[in-house]
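Chemist: Mind folding the following:
(one chain, ligands or ions: 2)
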Amino acid sequence: MEAHAGANQRIARISAHLHPSNFQEGGDVVIDRANCRAKGGAPGFKVAVLGAAGGIGQSLSLLLRMNPLVSVLHLYDVVNTPGVTADVSHMDTGAVVRGFLGQPQLENALTGMDLVVIPAGVPRKPGMTRDDLFKINAGIVRTLCEGIAKCCPNAIVNLISNPVNSTVPIAAEVFKKAGTYDPKRLLGVTALDVVRANTFVAEVLGVDPRDVDVPVVGGHAGVTILPLLSQVKPPSSFTAEETEYLTNRIQNGGTEVVEAKAGAGFATLSMAYAAAKFANSCLHGLKGEAGVIECAYVDSQVTELPFFATKVRLGRAGAEEIFPLGPLNEYERIGLEKAKRELAGSIQKGVEFIKK
Ligand SMILES: NC(=O)c1ccc[n+]([C@@H]2O[C@H](COP(=O)([O-])OP(=O)(O)OC[C@H]3O[C@@H](n4cnc5c(N)ncnc54)[C@H](O)[C@@H]3O)[C@@H](O)[C@H]2O)c1
Ligand SMILES: O=C(O)C[C@H](O)C(=O)O
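Modeler: Ligands and ions are numbered 1, 2, ... in the order given. Reported below is the predicted structural model:
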């Protein structure tokens with residue numbers, strides 16, 4: 001009889017926690033195994049997704065919940081987190097999932113996190129450039145980074161929100177202002193450019209994309225996306241036409257998806273895949289594994305610019321080593337100059353947004 005009553009109480013507690021009204025009351029923990037008989041929660045890292053209810057955020061949350069290195073997954077957005085959290089929480093994988101809705105719950109979403117992934121913000125529509133998103137996304141990134149500086153200053157940050165070439169300098173300035181800036185921990189996510197480059201190069205070479213590794217340096221917009229085809233692994237040579245075709249396609253991969261979706265969207269699925277892959281590498285680095293290498297847009301001295309994407313080695317402290325560009329051919333040297341000219345303005349714009 002008593003056991004029965006106990007079980008009923010447990011069930012009532014779980015049901016109460018699952019009720020969407022919990023999100024409106026400032027209570028943060030919504031779907032949590034703490035109320036269940038088996039506590040679950042494998043050892044691992046605590047990861048937050050900010051913008052979790054969006055096109056990228058939902059698929060990314062799904063993929064992160066499948067990652068055995070993630071023990072706690074916090075899903076934060078200004079809309080729709082109750083539904084996304086409920087949905088993702090039904091997956092029979094290890095991580096505890098908690099949802100957070102709206103600015104008053106941002107601090108609870110961030111407290112104690114090891115890794116914060118940010119796909120929050122507006123995406124572009126056909127005809128727009130990534131820079132057209134600056135006005136709205138700059139403010140969103142500032143607010144979220146202020147929260148990170150306050151609640152989890154030691155977390156690794158993966159910044160996806162566009163224009164990445166400017167939002168990363170914005171984040172850096174916010175952290176500098178707060179006195180928490182550690183350049184190794186702030187990573188602009190350019191992984192989608194690498195994923196695209198591997199795919200398109202593999203198509204041309206007629207090989208499996210999983211066997212291809214293309215370094216993509218510079219930034220994440222148009223000519224700032226610079227694939228180094230002379231450094232492709234396995235070593236391959238390309239005709240001038242192939243080089244031109246591949247470089248253009250990699251630089252315009254985002255536009256290709258925006259146009260194909262014809263106003264109904266932008267790259268969300270491939271981005272979620274790329275972000276999950278990149279986050280996984282960050283977690284392997286945090287674990288202390290050796291030889292974890294990815295391209296990322298970081299605080300850098302590889303060129304005269306303060307931020308630049310190159311290969312980095314990920315470790316417990318974040319981007320622990322930043323690799324030089326390596327030998328470039330003439331085509332890449334010209335591309336590099338173009339990339340740097342555009343990047344300089346985007347970086348300046350981001351810095352001024354916080355300093356003004
Ligand atoms: N780095 C890259 O390679 C890359 C690739 C694809 C898209 N993006 C960028 O990622 C961003 C998101 O794209 P999407 O397709 O998921 O857009 P989306 O509109 O589908 O989702 C964005 C989400 O952000 C949320 N959001 C808005 N303001 C917020 C705030 N203040 N706090 C928390 N969440 C907030 C929205 O509610 C929405 O759920 C865009 O800026 C897009 O350009 C970057
Ligand atoms: O192109 C966009 O606006 C989204 C993203 O940056 C991409 O590369 O797909």
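
Chemist: now the residue of the chain found nearest ligand 1, nearest residue through space, not along the chain?
Modeler: Among all residues of the chain, G54 sits closest to ligand 1, at 2.0 Å; criterion: CB to the nearest ligand atom. Any C-beta I mention is one placed from the backbone N, CA and C, and that applies to glycine too. In this structure, G54 finds its nearest non-sequential neighbour in P119, 6.0 Å apart by CB to CB, 6 or more residues apart in numbering.

Chemist: May I ask you to confirm that that neighbour is in contact with G51?
Modeler: Yes - between P119 and G51 there is a contact under CB atoms under 8 Å: 4.4 Å.

Chemist: check contacts around D77.
Modeler: 50-54, 57, 84, 100-101, 120 (CB atoms under 8 Å, 6 or more residues apart in numbering).

Chemist: If you rank those by neighbours, which is first?
Modeler: Compared across the contacts of D77, L50 has the highest neighbour count, 33 neighbours, by other CB atoms under 10 Å.

Chemist: Isn't that one up against V116?
Modeler: Yes - if you go by CB under 8 Å, L50 and V116 touch, sitting 6.5 Å apart.

Chemist: E244: how many residues sit nearby?
Modeler: Residues near E244, counting by other CB under 10 Å: 12.

Chemist: which SSE is it in?
Modeler: Following DSSP states H and E, one finds E244 within helix 240-251.

Chemist: Now that helix: buried residues?
Modeler: Within helix 240-251, the residues scored as buried using 16 or more other CB atoms under 10 Å are 243, 246-247, 249-251.

Chemist: Which helix or strand contains V195?
Modeler: If you go by DSSP H and E, V195 is part of helix 191-205.

Chemist: list the buried ones in that helix?
Modeler: 191-202, 204-205.

Chemist: same question for the following helix or strand past it, mean pLDDT?
Modeler: Next helix or strand after helix 191-205 toward the C-terminus (DSSP H and E): strand 216-218. Confidence for strand 216-218, expressed as mean pLDDT, is 98.

Chemist: and the longest helix along the chain, what does it pack onto?
Modeler: Longest among the helix segments of the chain by residue count, using DSSP state H, is helix 330-355. Using 3 or more CB pairs under 8 Å, 6 or more residues apart in numbering; DSSP states H and E as the contact test, the elements touching helix 330-355 are helix 134-151, helix 164-178, strand 216-218, strand 225-227, helix 240-251, strand 307-315.

Chemist: Distance to S71 added to these, as CSV?
Modeler: Conversion of the helices and strands packed on helix 330-355 to CSV gives the following (distance: least, CB to CB, whole Å):
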stretch, distance to S71
helix 134-151, 18
helix 164-178, 25
strand 216-218, 31
strand 225-227, 34
helix 240-251, 36
strand 307-315, 19
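
Chemist: Which pLDDT value belongs to the residue in the chain that ligand 2 sits nearest to?
Modeler: With CB to the nearest ligand atom as the measure, G254 is the residue of the chain nearest to ligand 2, at 2.1 Å. At G254, the model reports a pLDDT of 93.

Chemist: and it, what helix or strand is that in?
Modeler: Residue-wise, G254 maps onto helix 253-260 under DSSP H and E.

Chemist: Report all helices and strands that that helix contacts.
Modeler: helix 191-205.

Chemist: Now do the contacts for the residue of the chain closest to ligand 1.
Modeler: Contacts of G54 by CB under 8 Å, 6+ apart are 77, 119-120, 268.

Chemist: now swap in D182 and tell me
Modeler: Here D182 is in contact with 154, 175, 317-318 (CB under 8 Å, 6+ apart).

Chemist: filter those residues to the buried ones?
Modeler: For the contacts of D182, buried by 16+ other CB under 10 Å: 175, 318.

Chemist: interface residues of the stretch 1-150 of the chain facing ligand 1?
Modeler: Neighbours of ligand 1 within the stretch 1-150 of the chain, by CB under 6 Å from any ligand atom: 50-51, 53-57, 77-79, 119-124, 133, 137, 140, 143-144.

Chemist: Mind checking which of those residues are in strands?
Modeler: Under the assignment DSSP state E, those contribute 50, 77 to strands.
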